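Engineer: my questions are about this predicted structure, shown below with the sequence.
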Amino acid sequence: MAETKRWLLFAGSVAFTWACSTDSATGPREVAIPLGTWGGDSAGFIVGDTAAHLHIACTFGDISGRIPIDPTGAFDVPGTYMLRAYPIAIGPSVPARFTGRISNTTITVTATVNDTVEHKTVVRGPAVVKLGTDPRLGPCPICRRSVEAKRSPLRRFIDAMRKRRFEG
């Protein structure tokens, strides 16, 4: 029984150490872009458990599911994009590819849109957004979509420790 407890304690320590390990190029190791609101000049990125929503200027796009990142922090995922979104949305949403890179708490993202209405490729971005920063979109409102942002207790602890390190 005591040996089993020691083994469980060791396995838990290894799991915690692995979860908290860092890579100097991309910050804490993640398999997906961290949940939350990312903002910048003329851009906003709302990342949730089941979807992500990106605004670049007065246009926006949607991505289903989590956004996986590779060991270098890069991502490349499909989605849809609304090129004619302001002052009123004139559809349709068209196919798009979202590419970029995360480095610590900053993401650079580009949307490459297959405009099937005007039969051309449209590129929006690159846009730079920072985690926890409010989006600044000028006259264009950001959609405050409710994307589910549940975090595990370990993720909340790591985020709290990271915030504490930056604040003091």
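Structural biologist: Nice, thanks for sending it over.

Engineer: would you mark the buried spots in the longest strand along the chain?
Structural biologist: Longest strand in the chain by number of residues (criterion: DSSP state E): strand 120-131. If you call a residue buried by 16 or more other C-beta atoms under 10 Å, then strand 120-131 has these buried ones: Arg124, Gly125, Ala127, Val128, Val129, Lys130, Leu131. All C-beta spots, glycine's among them, are computed from the backbone N, C-alpha and C.

Engineer: what does it rub up against?
Structural biologist: By C-beta atoms under 8 Å, 6 or more residues apart in numbering, the residues outside strand 120-131 that reach it are 34, 36-45, 54, 56-57, 59, 61, 81, 83, 100, 105-115, 135.

Engineer: can you tell me which of these are buried?
Structural biologist: Buried members of those, scored by 16+ other C-beta under 10 Å, are 34, 36-40, 42-45, 54, 56-57, 59, 61, 81, 83, 100, 105-109, 111-113, 135.

Engineer: the chain: helices as residue ranges?
Structural biologist: Taking DSSP state H, the helices of the chain run over residues 2-20, 153-167.

Engineer: and the average pLDDT for the first one is what?
Structural biologist: In other words, helix 2-20. In this model, helix 2-20 has an average pLDDT of 45.

Engineer: likewise for the shortest one?
Structural biologist: The predicted model assigns helix 153-167 a mean pLDDT of 61.

Engineer: wait, Asp115 touches Leu83, no?
Structural biologist: Yes - assessed by C-beta atoms under 8 Å, Asp115 is found in contact with Leu83 at 6.1 Å.

Engineer: find residues that contact each of these two.
Structural biologist: Both Asp115 and Leu83 are contacted by Val94, Val122, under the criterion C-beta under 8 Å, 6+ apart.

Engineer: so where's this structure shaky on pLDDT?
Structural biologist: 1-30, 142-168 (pLDDT under 70).

Engineer: okay if I get the buried residues of strand 120-131 as JSON lines plus distance to Val94?
Structural biologist: Putting these into JSON lines (distance: C-beta to C-beta, whole Å) gives the following:
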{"residue": "Arg124", "distance to Val94": "12"}
{"residue": "Gly125", "distance to Val94": "16"}
{"residue": "Ala127", "distance to Val94": "18"}
{"residue": "Val128", "distance to Val94": "24"}
{"residue": "Val129", "distance to Val94": "22"}
{"residue": "Lys130", "distance to Val94": "28"}
{"residue": "Leu131", "distance to Val94": "28"}
